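Trainee: Return atomic coordinates for the entry below.
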Amino acid sequence: MKALIASLALLATPALADGFGAAGVLSGSNKEDLPPIILSAGEPISAEPWLLKSGTYYEFEIQGDGSQELALVGPEFFRAIWIDEIVVEGLEIRPLGLDSVEFDEAGEMEIGFLAIKPGAYSMQIPGTTGETQRIEIIIE
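Mentor: Purely as a prediction, here's the structure:
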């Protein structure tokens, strides 16, 4: 009975009057947009490293220009975040995990995620060794 009364009291509060409250870590005030990653043959993928804060929600675009089949791998980074969704041509994908993405032709995707595990990570074009073919990521 006490649980029922407590539940009804929560529903009566103004913030939860419609049954839904603020989304907390997924609320708009906790969201930041990151610069896009550009996948183009022989071109740098990012101008600067990303400095992220654990508990903050981020969105970024990956843009492939179709100049070559190019992938982006970063399994350690992808395991340090919670991926909310990946949007490709208006289709929303909600994966349990991710190792890499690949562009066989020109296209664009947007990834929304919550930074979780502090550390130093990277994403890179597989098989490359140049610094411009990777992006360094720090989660504080």
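
Trainee: For this structure, just list every one of the helices.
Mentor: 2-12, 75-79 (DSSP state H).

Trainee: mean pLDDT lowest for which of the ones you listed?
Mentor: Ranked by mean pLDDT, these bottom out at helix 2-12, with a mean of 50.

Trainee: Okay, strands next: where are they in the chain?
Mentor: Under the criterion DSSP state E, the chain contains strands at 31-33, 37-39, 50-52, 57-64, 70-73, 81-88, 91-93, 100-103, 107-115, 119-124, 134-139.

Trainee: on contacts alone, who are the packing partners of the second one?
Mentor: By that I understand strand 37-39. Contact partners of strand 37-39 among helices and strands, from 3 or more Cβ pairs under 8 Å, 6 or more residues apart in numbering; DSSP states H and E: strand 57-64, strand 70-73. Yep, even glycine has a C-beta here, placed from its N, CA and C like the rest.

Trainee: again, only this time at 10 Å
Mentor: Using 3 or more Cβ pairs under 10 Å, 6 or more residues apart in numbering; DSSP states H and E, the elements in contact with strand 37-39 are strand 57-64, strand 70-73, strand 100-103, strand 107-115.

Trainee: for the closest residue to residue 34 other than its chain neighbours, what are its contacts?
Mentor: Spatial nearest neighbour of residue 34, chain neighbours left out: residue 60 (3.9 Å); criterion: Cβ to Cβ, 6 or more residues apart in numbering. Residue 60 sits next to 32-37, 46, 50, 109-113, 135 when contact means Cβ atoms under 10 Å, 6 or more residues apart in numbering.
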